[in-house]
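Peer 1: When you get a sec, could you give me coordinates for this:
(chains A and B)
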Amino acid sequence: MTAALLFAQVEKVATPKLDWAATAPLLILCGAALLLLLISSLTTSRPARGTYAVITVLASAFAIGTAGVLWARVTDAERGAFTTAAGALTVDGFSVFFIVVISLGIALSALLADDYLRRENLDGPELYVLMLLSGAGGIVMAMANDLIVVFLGLETLSIALYVMAGFNRRRAESRESAMKYFVLGAFSSAFLLYGIAFIYGATGSTNLGDIAGFLNANTLEHTGLLLGGFALLLVGFGFKASAVPFHVWTPDVYQGAPTPVTAFMASASKAAAFAALLRVFVSTFAEYRLDWQPLIWGIAVLTLVVGSVLAIVQTDVKRMMAYSSISHAGFILVGVQAATAQGVSAALFYVLSYTFMIVGTFGVATLVSGKGDEHHGLEAYRGLSRRRPGLALTFTVFLLAQAGVPLTSGFLAKFYVIGAAVDAHSYALALIAMLSSVVSAFLYLRIVVAMYMTDEEGAEPGPRVRVPLGAGVALGLAVAFTVVVGILPQQVVHWADRAIPVVLASGR
Amino acid sequence: MIAQNIAFGILAASSVLAAIRMVTTKNVVHAALYLVVVLGSVAANYILLAAEFVAVVQLLVYIGAIVVLFLFGVMLTRAKLGHEGELDNDQRGLAAVTALLILGILGYVLVDYFGDDKLPQLNRTHEQLNATRGTGAVGNAIFSTYLIPFEVVSVLLLAALVGAIVLARRD
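Peer 2: The predicted structure is shown next:
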């Protein structure tokens, strides 16, 4: 009786309208993670080889498919971008672009992980579950229209990544890298939260649309709080994107983490960090461009120089690639620094091509390292062209693309980014980017030389390398993309041009 | 307002003193107990701001769960409780400089922006206040404006749960 009376008095909560089609990619990835857990707990016998990986790849493919439907909707001139769930998520070309990039990162890394897990005796659904949840967090970051949503997306992405880094429990390096990543990552999250609090204090909102509206309508008498917020947010995003001086974790974690996880970190996680950086800074804080551009300028220069110079002195290939990924982050920052539509589009093109290049690179490293994930020294690659000519050629394509050799997507990516910097009159930055690209070319050529030009007489042959099906498919896709887009970039450029982030006020 | 200012002064002083003792004490268990004082003062501050729901959550989550976890962790991993000589390392000078620098910057921007701004005087009844920022308002916000963040938190917890099992499981 009393209970019925109580219920009668309760007024209904006005729940916001949710666009299911817009959240479909997220729901598919999370649903697939739950499905994997369910399958593994309901089946008593081991499922057929590669079941988990196939489900993960299919889920990512579905997510990309729904993203394609969304793309047609948001690029339609009449309908355009919109926000959903009470202005918490934005659906525009930019979000859809990153849904595709992050889903590709998941699918390609899962293909690499399949054989790796069996080789290391770690077979099970957990890594895929974490990868899917982590990717969903990254997509939330890219779609977020609210700083709180950005933060929660980043935390979901990170927590899963901390565990993935320590997934190979038998390797001390793997456990150590997880610990390092966790401690520093938690620290950087605190900076991000402080930044959000500052921005809230200065503008009275955490919603990106409302912040942009406030900054357009008002002139702040004291900008200290806002600028402090910019700096703290940059620390948080810079850490995830491994920009100097927030990069110290990168070499150790990239080296220690299982190699397919490193591939995921360098592709999906870095993409998500840049997605948040672009939407929050370039679009939301556009009014205060002149205040944050110098900060990004400084970080970009440091990142380019430190990344390419320190990469040269490494002897471990995974560590080299960690430093080179730092210098690639510098190139993307050059596009961010331009703060123009052209710069954003160039950064997007860079992120997409880099995803394929780096997954391919770490894919080859996964295969060459052999059982135990041990052989990452340059000597493991000596004479690879004789033992595995196809693999050596594939690796050469990825290395040349990273160096920025013409006819690869890497060249065009660097070209567009530097072009955007020149058009934004950042001549010094463009020059530094070009010089650092020359410096880092030395590093990539060093590996190519080791593969092709070392005579094997006297030297003991490296470990036997076999190419399993899943990794073969991933490498094939990555090479195909790198070469085809290197020659015919028009379609991808067209997509990147239409994927400029928009910031919409809540309630639309 | 004077009573509130006095209460704030006492809470602020006790939380800062407890925080300093927490990092200077040589005993891990004492450090955890000082943390209780710090977190409790923060909860009391929330009550001063009429945010009773947040205050209760602060007590439940931080003192009820996190500090208890700390104590369990200390109990299960360390052979003997009591004085520990090796809690410090030689970077404490650097850490102090960094902490003071951050304190200076954060303090400066807050003073610079808010200066002598006063909180708006709210001459409202208790019911009116509750409708805009009480527990009911928090509940409504979670299922309306913050629906997506709320759901994302559940994904975050799922990731943490799976991760904890992965890390803790024996082969």
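
Peer 1: need the helix or strand of the chain with the lowest average pLDDT.
Peer 2: Just so you know, I chose chain A. helix A:2-9 (a mean of 62; mean pLDDT, DSSP states H and E).

Peer 1: wrong chain, I was asking about chain B
Peer 2: Least confident element among the helices and strands of chain B, by mean pLDDT, DSSP H and E: helix B:126-133 (a mean of 63).

Peer 1: Next SSE downstream of that helix?
Peer 2: For helix B:126-133, the following helix or strand on the C-terminal side (DSSP states H and E) is helix B:135-143.

Peer 1: does any part of stretch A:124-138 sit near chain B?
Peer 2: Yes: counting by Cβ under 8 Å from any Cβ of the partner chain, chain B has neighbours in stretch A:124-138: A:126, A:129-130, A:133-134, A:136-137. C-betas here are computed from N, CA, C, even on glycine.

Peer 1: Please pick the buried ones from these.
Peer 2: A:126, A:129-130, A:133-134, A:136-137 (16 or more other Cβ atoms under 10 Å in any protein chain shown).

Peer 1: Now tabulate the residues you listed in a markdown table and tack on pLDDT and secondary structure.
Peer 2: As requested, these are arranged in a markdown table below (pLDDT from 0 to 100; DSSP: H, G, I helix; E, B strand; the rest coil):
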| residue | pLDDT | secondary structure |
| --- | --- | --- |
| A:Glu126 | 91 | helix |
| A:Val129 | 95 | helix |
| A:Leu130 | 95 | helix |
| A:Leu133 | 96 | helix |
| A:Ser134 | 96 | helix |
| A:Ala136 | 96 | helix |
| A:Gly137 | 96 | helix |
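
Peer 1: ok, and the closest non-adjacent residue to the most centrally placed residue in chain B?
Peer 2: With distances taken as Cα atoms, centre = their mean, B:Leu39 lies nearest the centre of chain B, 5.0 Å away. Counting by Cβ to Cβ, 6 or more residues apart in numbering or on different chains, B:Leu39 lies nearest to B:Tyr62, which is 4.4 Å off, once chain neighbours are set aside.

Peer 1: Okay, B:His30 and A:Tyr254: tell me how far apart.
Peer 2: For B:His30, the distance to A:Tyr254 equals 39 Å [Cβ to Cβ, to the nearest Å].

Peer 1: of those two, who's got more company?
Peer 2: A:Tyr254 (28 against 14; other Cβ atoms under 10 Å in any protein chain shown).

Peer 1: Which of the helices or strands spans that one?
Peer 2: helix A:249-256.

Peer 1: what comes into contact with that helix?
Peer 2: With Cβ atoms under 8 Å, 6 or more residues apart in numbering or on different chains as the test, helix A:249-256 has contacts from A:165, A:171, A:173-174, A:176-178, A:180-181, A:184-185, A:239, A:242, A:262, A:265-266, A:314, A:316, A:318-319, A:321-323, A:325-326, A:376.

Peer 1: just these that are near chain B?
Peer 2: Okay, of these touching chain B (Cβ under 8 Å from any Cβ), that's A:Ala178.

Peer 1: Now do the buried residues in the longest helix along chain A.
Peer 2: In chain A, taking DSSP state H as the definition, the longest helix is helix A:172-203. Neighbour-count burial for helix A:172-203 flags A:173-178, A:180-182, A:184-185, A:188-189, A:191-203 (criterion: 16+ other Cβ under 10 Å).
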